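> Give me the fold of what follows.
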Amino acid sequence: MKPLSSIQYLRAGAALAVVAYHALQWLGGGFDVGRAGVDVFFVISGLIMWTVTAGREVSAGAFLWRRFTRVAPLYWLASLGVAGMAVVWPAFLPQVHPGWRHLVLSLAFIPHLDPKGLPFPTLPPGWTLNYEAIFYLLFGLSLAAPEKWRARLVTGALAAMVAAGFLLDDPLYILGANPMLLQFAAGIWLGVALRRDVLPSRNWGAALIILAAAFWAAVEMGGLFVEFWRPLLWGIPATLLVAGAVTLEARGGLIRSRALTSLGDASYCIYLFHLPAMALVAHGLGTGRPWLFLPVALLASIGAGLAARTFLEKPLLKLLRSRTAAPADALTAT
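Numbering: from 1, shown residues only. Take a look at the predicted model:
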């Protein structure tokens, strides 16, 4: 059984966690654990890439084209939009720094340091897509190997990149060659377990979800988080959460929700467009009344994501994939 609904729910929750974190940044900070939504996305990505290719003949070219059409066009539109706003209205998103070299490297998914020396592309949340691009390339290349070796090959390649990040100059580590890459591998092995039907019982699935939440809460409330240990402090509970959710669905214990499914479908759009939507609210409404700003910013971010999903993402995917043969699968948001 493919984890369609559970994965969509997790996508929705991960995107909204990141949105909440960024909304609170306008108010001085808080809810740092909301950034762990990215770690959940990484585990999900590994699981999905395994699930949609296992047991099928998929070429590296077809796989990479499908990933490119899913990720790049919308990201380019969002990046060009905020870059244009940074030129005409620098205060709109102060963390966006214009510059041709910076923009070109960002659009090419090449990790680099921005004009202020930070490892963020023109659209700041796009740093995660640089990690995704590395993973997609490695996974795509692995498709040339027999399926029984793919999970090991990708895991080994990711581990080698992490080792390079530790052993070589610091820029490699902060630009992507760090243990966060292993979260993709964790997702792959969850996909292997799902395909082999070796997941635990429904009760264990629920227990894993509770354990993940307790882990995050303990780290957040105890002030225990250290960025260097992120792959453990946030990556382990992210893996537990995804494992628990797919287990619940595989064992028939998942409640169906159209609203969460729709938000999951639009999660990538929400992730890309929530910063400019939130900035419009901050500049138009102001941030002096947090009780008003926070819900309006959240709703604006969701609204922008749903609109982008309907009027940008779907038409672009239809246009770009209309003449491309690709394997059919239940996880249509890939």
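> Contact partners for residue 102?
Residue 102 makes contact with 112, 114, 115, 121, 122 under the criterion CB atoms under 8 Å, 6 or more residues apart in numbering. Quick note: C-beta positions are derived from backbone N, CA and C, even for glycine.
> For residue 57, see how far away the nearest residue to the first one once chain neighbours are set aside is.
In space, and not counting its chain neighbours, residue 112 is closest to residue 105: 4.7 Å by CB to CB, 6 or more residues apart in numbering. When distance is defined by CB to CB, to the nearest Å, residue 105 is 35 Å away from residue 57.
> Between the two, which has more neighbouring residues?
Between residue 105 and residue 57, residue 105 has the larger neighbour count (other CB atoms under 10 Å), namely 18 against 9.
> Could you check the pLDDT of the more buried one?
Looking at residue 105, its pLDDT is 98.
> And the helix or strand of the chain with the lowest mean pLDDT, what's buried?
Between all helices and strands in the chain, the lowest mean by mean pLDDT, DSSP states H and E belongs to helix 170-174, at a mean of 87. Buried residues in helix 170-174, counted by 16 or more other CB atoms under 10 Å: 172, 173, 174.
> So for this structure, the centremost residue is which one?
Nearest residue to the geometric centre of the chain (CA atoms, centre = their mean): residue 41, 3.7 Å.
> host element of that one?
Using DSSP states H and E, residue 41 sits within helix 36-53.
> helix or strand right after that helix?
Once the chain leaves helix 36-53, the next helix or strand it forms, by DSSP H and E, is helix 60-88.
> and that following helix, what other elements does it pack with?
The contact analysis (3 or more CB pairs under 8 Å, 6 or more residues apart in numbering; DSSP states H and E) places helix 60-88 against helix 100-107, helix 127-142, helix 267-285, helix 314-321.
> any weak-confidence spans in the stretch 1-150 of the chain?
Within the stretch 1-150 of the chain, the stretches with pLDDT under 70 are 1-3.
> one more time with 90, if that's ok
Residue ranges of the stretch 1-150 of the chain with pLDDT under 90: 1-4, 97-98.
> Test my guess that residue 23 contacts residue 298.
Yes - taking CB atoms under 8 Å as the definition, residue 23 is a contact partner of residue 298 at 6.3 Å.
> rewinding a little: right, and the helices and strands packed on helix 60-88 - which one's nearest residue 227?
Closest to residue 227 of those is helix 127-142 (CB to CB; 13.4 Å).
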